[in-house]
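In: Sequence and predicted structure below; questions after.
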Amino acid sequence: MFSIIGIVLVIGAVGGGYAMSHGKFPVLWQPAELVVIFGAAIGSMLVANPISNIMALVKGMLGILKGSPYNKNVYLDTLKALADVFNYGRKNGLQKLETDIENPKQSQLFSQHKVFMSNHHALDFVCDTLRTSIAGGIGHFEIEQSMEADIDIMKHELEQPVAALKEMADALPCMGIVAAVLGVVVTMGALGGPPEEIGEHVAAALVGTFLGILFCYGIFGPLGSNMQKINDGEIEYMHVLRAGVGAFMKGAAPILAVEMARRSIPPHVRPSFKDMEQKVKGGGGK
């Protein structure tokens, strides 16, 4: 929502300033320039990226409208879910927990927590780590390395669509110059015509450069930065899971392992210890 407000503000400020300077808006409507700029920019992005990155980019752009899902309530639900899993493993033994890990979507333990069932990355991360630890033959240090490697791979995957969007944004000013050069070519071909016609061609050429710069620095560049911040929030969430699961695998009591997870939550969305304790002891999952 704030992204839409920002885009409207950018366009409104530029348009308002143009109107204050007594500019004529019909001059800015140059469909040919838009075709050149966006057609070439999108085409270059398709050349540089596989279809998986393009699909992830579309999904990420839609995600910008919703904003980051990782708020205080989601983290509280996550701490509650981790506490239930850890308490179950401590009371019934890790071998009993293995049955739930192998089929988490059919497991009553996991299925009662929507925070896991709606995030397959988080569910797979927790289950795969617990499965590795239960299998034995690997130390805590190696498990920590495995979790870090998993997060690094996920981070790299999330960065690809952001890089594609930023590359397209960086290309827009250059494509604006291409459109301007084409406009100059058209202008040169019209030098024998009336001055009004030449003026229109020059204006159209300049509009191409203007639009390329505006859409790069005013819209698509900031959208790429926004998408990056949302992805950073997802990586932070995975590090919270890593802290909790890692502490439990090292033998920490469930409540202490959950506290380690809580302390890893970014301060602006971190619930207090009292809130966490009430949530964990309150029963029921979301």
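Out: Sure, I can see it.
In: Could you look up the SS state of the most far-flung residue of the chain relative to its centre?
Out: Distance to the chain centre peaks in the chain at residue 192, reaching 52.9 Å (criterion: CA atoms, centre = their mean). Secondary structure state of residue 192, per DSSP: H, G, I helix; E, B strand; the rest coil, is coil.
In: ok, the closest residue to residue 210 other than its chain neighbours - contacts?
Out: Leaving aside its sequence neighbours, residue 210 sits nearest to residue 176 (CB to CB, 6 or more residues apart in numbering; 7.2 Å). The way it works is simple: take the backbone N, C-alpha and C, and place the C-beta from them, glycine included. When contacts are counted by CB atoms under 8 Å, 6 or more residues apart in numbering, residue 176 touches 33, 37, 208-213.
In: Which of those lies at the shortest distance from residue 18?
Out: residue 210 (9.7 Å; CB to CB).
In: Going by neighbour count, which residues of the helix or strand the closest one falls within are buried?
Out: Counting by DSSP states H and E, the element that carries residue 210 is helix 195-214. Under the neighbour-count criterion of 16 or more other CB atoms under 10 Å, helix 195-214 has 198, 200-212, 214 buried.
In: So for the next helix or strand after that helix, what gets flagged as buried?
Out: Of the helices and strands lying after helix 195-214 in sequence (DSSP H and E), the nearest is helix 221-249. Neighbour-count burial for helix 221-249, counted by 16+ other CB under 10 Å, picks out 221-224, 226-228, 230-231, 233-234, 236-249.
In: re earlier: any chance of the contacts of residue 176 in a markdown table with pLDDT and distance to residue 261 as columns?
Out: Below are the contacts of residue 176 laid out as a markdown table (pLDDT from 0 to 100; distance: CB to CB, whole Å):
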| residue | pLDDT | distance to residue 261 |
| --- | --- | --- |
| 33 | 88 | 52 |
| 37 | 92 | 47 |
| 208 | 87 | 52 |
| 209 | 90 | 51 |
| 210 | 91 | 50 |
| 211 | 92 | 47 |
| 212 | 92 | 46 |
| 213 | 93 | 45 |
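In: now for those, which pair is the farthest apart?
Out: 33 and 213 (12.4 Å).
In: what angle separates the biggest helix by length in the chain from helix 195-214?
Out: Counting by DSSP state H, the longest helix found in the chain is helix 140-189. Orientation check (axes from the mean of the first three to the mean of the last three CA atoms, to 10 degrees): helix 140-189 against helix 195-214 gives 180 degrees.
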